[in-house]
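Chemist: need coordinates for the below:
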Amino acid sequence: MSARTLRKWSTAMEMVMSCLCRRAEQRRRQREMGRLGRPDFGGTCSPCWVCSNDSSFWKVISAAAMDLIDAMKVEVLLSDMTLQEAELISEINNNLTQLVPLLLLTPTAIAPPLVPLPSSNVIQISNDISVHIQCIAAIVGYFKWRRVTAIYEQANAFALNYGIITLLSDALQPLDATINQHVAFPPMTTPAGNSELILDKELSKLKGNTNRVFVLVQCSLQLAIHIFHKANRMGMMTKGYAWIVSDEVASLLDSLNSSVIASMQGVIGYKTYFDETSTSYLKFSIKFQQSYGSLFPQEGTTTCANPSIFALRAYDATWATAEALANRQGDGDVTSKVVLLQNVLSSNFSGLSGNIGFKNGELAQSPTFQIINVIGKSYNQVAFWSLDIGFSRSFPGQDYATERGKRTSKNETVEIGPIYWPGGQVTVPPGWEFVTEEPLRIGVPATGAFHQFVNVSHDETQNKTVVSGFSIEVFEAALKYLPYPLPYKFIPFYGDYDQMVQQIDLKLQGLDGAVGDTNILAERCQWAGFTQPYVKSGIALVVTTIPDYTKETWMFMEVFQTKMWLLIPSFSLFIGFVVWLIENGDNPDFGTGSFSQQVGTTIWFSFTVLFFVQREALKSNLSRVVLAPWVFLVLMLTANFTAVLTSKMTVSQLVPSAKDIEVLRRENAVIGCNRRSFTCRFLVNVLHIKPENVRQIASIDDYPEAFEKGIIKGAIFVTEHANVFLAKYCHGYTITGPTFTFGGLGFAFPKDSALVGGMSVAILEAIESGEVEELEREMLSSFNCSASAAVNSDTQSLGPRPFSGLFYISGAIALMALMVTAFPLVENHCRNSILVWKAAIIARTCLWVLSLRLQSSRKSRLEPATESLPPEPNNKPDAAATPTGTATE
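Modeler: Residues are numbered from 1 along each chain as shown. Model prediction:
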């Protein structure tokens, strides 16, 4: 681009600049930086000026300004106007703005569908607002806050306000957090009187609510200063409060004076990170401060702050514009303006604020935010946050993959801090605080069937109502774990449980909560919010018991387990065999008689030893050693057998009169339930019992009489009620059949009340400390009822484990005795076998030799007799000479 062209462009921008109203002091300090730190192109070229504007300017003289811009042939607009103001310009001169690139220096980039862009030539020099919202949600999730109040500055477009709140709500939802309330404050351009009144009114409302976490989502610095000034004056910057400010405020904290910083003590926020140690930034900062001092000498050099991220972006946007103009071909025609827009969008260089590149009309580089904490005269950096890796203690740098490799997940907890909260508090605020001018009206059931849980009585001496019981004690125990005092008073309620819970929702009788043995049901959750259950609950069937005569015949078999019945005779036979083997040689009681008689003697001895009636006398000391531990073991078995059998015969064996609810339903039996309890509906709607077979009982003491008179055959209780009933009436009743599980017993409060979460945590702490279990034990043990009958169940019979030591000792001694006795016998048997074998060999050898001699002597005697005899004549005719068939004489 020639010097003449640049000078013409710069002159036009200066004329537009001269028509603008001066901005407020803080906005002038920060947003004027693009002008104060303008780049130097060298030579005789004029500087490239930035077109800045006041937000009210376009509402008054926008048409005149656009005529001026059109007359001066302005080719680029670089402004900090809002998207709504840019849309207004587009409506005034649509043809012009479609051609002239418009660079907006907004704190956050807002893209459709939150707000429609005026035209395709709008470029936002900022990051998408969704990244900022994600950072806010990450801060809320890190400190485990469940409810926040969103504060934003009222914009002209309702869709934008609603869209920002929707973004924040969607970001909080995965973190189990919600927006408790969102409040829109008017911009400070509103008349001073009206804005002050609105601020006072809205902050007073917020102070009266229970939520104590406030987030300034979309708020100008000027409005934020007024909010914190009034909040500090109203006591909303004390212990228990938490304030979060966005980048739009946090990045400008360096420009605030000490009085404003003093009103923001304990505030946390996030600001866009940029490198403040680079050479280019240091040079720019020096030049900026010099220009600021020369332009505003009356304020002095000490009040000049370092340039913020917005100043650096304005400077980088000026560079991008200048480079786009320098690379453009042509001068002012339509084609050249299109090329100019493309040149700006294709910018890619490392600027003071970071990498300058654009995607979808906004900065492409994902930012890294510094998490800051306002303390003292300035603020402390406590952590970093980025969309890729979440929180980190140090700046992750450009290589996110390396940083991500150090951690398994971006949700991995990284300790940040220390953080000093409002009021000097060092612990994380709970996020809410109960606010009330009068004690809470807590409803308690006055007509419940089980007064052990809630008992309402009247003290005539003091003329007051006294509420006591297990549920009341649990409630009072949980209150000790609340981090704040909770004033309350009990209000007896004479309706049923459902009606009592409904009063919390309708507030017809002014109930703020309900405490008692109230079951957590899905239907009741529509009317109120329930705390964590303090005891588990379900539905159980209680019936009478009857004697069980079927098992008395073989009751003795239940004393030992099957393994024990097999082990005892087997072991006794083994001991008897070892004793027989030892006594067989010298004792006539064991060694006489045939083999079958000796086997019978051994079996009889093994059996009689079990009862200590054996007649066979032992003569070997080794036999006595073997028998001694076995006799002691038999003595232990006999004693335990006698004790267990005696216990079983002494205690009557009982069985439930009905196996389960199905048996009662088939028999068309009447079943009792507590009056004003959901169990009566459960019998009809779920268990399908006929309505005429459901009898409502008013009190726990009325059930035994109903059972004895045959009015009911069974009773349906909540499991905790069933335990109390069996503890008080432990004779003749038992629980039978399956148990139906429910949500448990809990306390009810309004759905949106913070007491639901606070009391849930307090109940868990009371349970973990053992207080609830101790209270339940005291309630059940207060009846002093001991049962003399036992209901048949899976009785624990005696097995080998309690006697395993004696079995091992006796078996080891018997085995060693067997080895000592058997080895000599085997050795003698082997020795005798060898002698017999040798004798047999010698005998057979002798017989063989003798047989040889006899054969030789016989042969010697036969040979001389054969030699003395003459030869016999051959009188037989010649067969060849005799004709066939011819007779011979």
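Chemist: all contacts plus neighbour counts: C-alpha atoms, from now on.
Modeler: OK.
Chemist: contacts only, for the closest residue to Asn519 other than its chain neighbours.
Modeler: With Cα to Cα, 6 or more residues apart in numbering as the criterion, Asn519 has its nearest non-adjacent residue at 4.6 Å, and that residue is Leu745. Neighbouring residues of Leu745 by Cα atoms under 8 Å, 6 or more residues apart in numbering: 516-520, 533-537.
Chemist: can you show me the helices along the stretch 101-250 of the chain?
Modeler: Using DSSP state H, counting those that start in this stretch, the helices found in the stretch 101-250 of the chain span residues 129-142, 158-172, 192-208, 221-233, 247-250.
Chemist: average pLDDT across the second one?
Modeler: For helix 158-172, the mean pLDDT works out to 83.
Chemist: tell me what it is packed against?
Modeler: Judged by 3 or more Cα pairs under 8 Å, 6 or more residues apart in numbering; DSSP states H and E, helix 158-172 is in contact with helix 129-142, strand 178-185.
Chemist: ok, back up a step: distance of the residue nearest to Asn519 from Ser753?
Modeler: In this view, Leu745 and Ser753 are 19 Å apart by Cα to Cα, to the nearest Å.
Chemist: go on, Pro187?
Modeler: Distance from Pro187 to Ser753, by Cα to Cα: 31 Å.
Chemist: and if you look at Gly240?
Modeler: 17 Å.
Chemist: which one's more surrounded, these two?
Modeler: More neighbours surround Gly240 than the other of Gly240 and Ser753, with 20 against 17 (other Cα atoms under 10 Å).
Chemist: sorry, back to before: can you add secondary structure, distance to Asn306 and pLDDT and give the contacts of Leu745 back as CSV?
Modeler: CSV is the format used below for those (DSSP: H, G, I helix; E, B strand; the rest coil; distance: Cα to Cα, whole Å; pLDDT from 0 to 100):
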residue, secondary structure, distance to Asn306, pLDDT
Gly516, strand, 62, 92
Asp517, strand, 64, 91
Thr518, strand, 62, 92
Asn519, strand, 62, 92
Ile520, coil, 59, 92
Pro533, coil, 56, 93
Tyr534, coil, 57, 93
Val535, strand, 60, 92
Lys536, coil, 62, 90
Ser537, coil, 64, 88
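Chemist: which among these gets closest to Phe807?
Modeler: Using Cα to Cα, Lys536 comes nearest to Phe807 of these, at 44.9 Å.
Chemist: you'd agree the closest one is up against Gly744?
Modeler: Yes. Between Lys536 and Gly744 there is a contact at 4.3 Å, judged by Cα atoms under 8 Å.
Chemist: who has more neighbours, those two?
Modeler: More neighbours surround Gly744 than the other of Lys536 and Gly744, with 20 against 15 (other Cα under 10 Å).
Chemist: next up, the contacts around that one.
Modeler: If you count contacts by Cα under 8 Å, 6+ apart, Gly744 has them with 519-520, 533-538.
Chemist: could you give me the buried positions within stretch 369-384?
Modeler: Buried residues in stretch 369-384, defined by neighbour count with 16 or more other Cα atoms under 10 Å: 369-375, 378-384.
Chemist: for Ser620, which non-adjacent residue is spatially closest?
Modeler: Nearest one to Ser620, counting by Cα to Cα, 6+ apart, is Glu583 at 6.6 Å.
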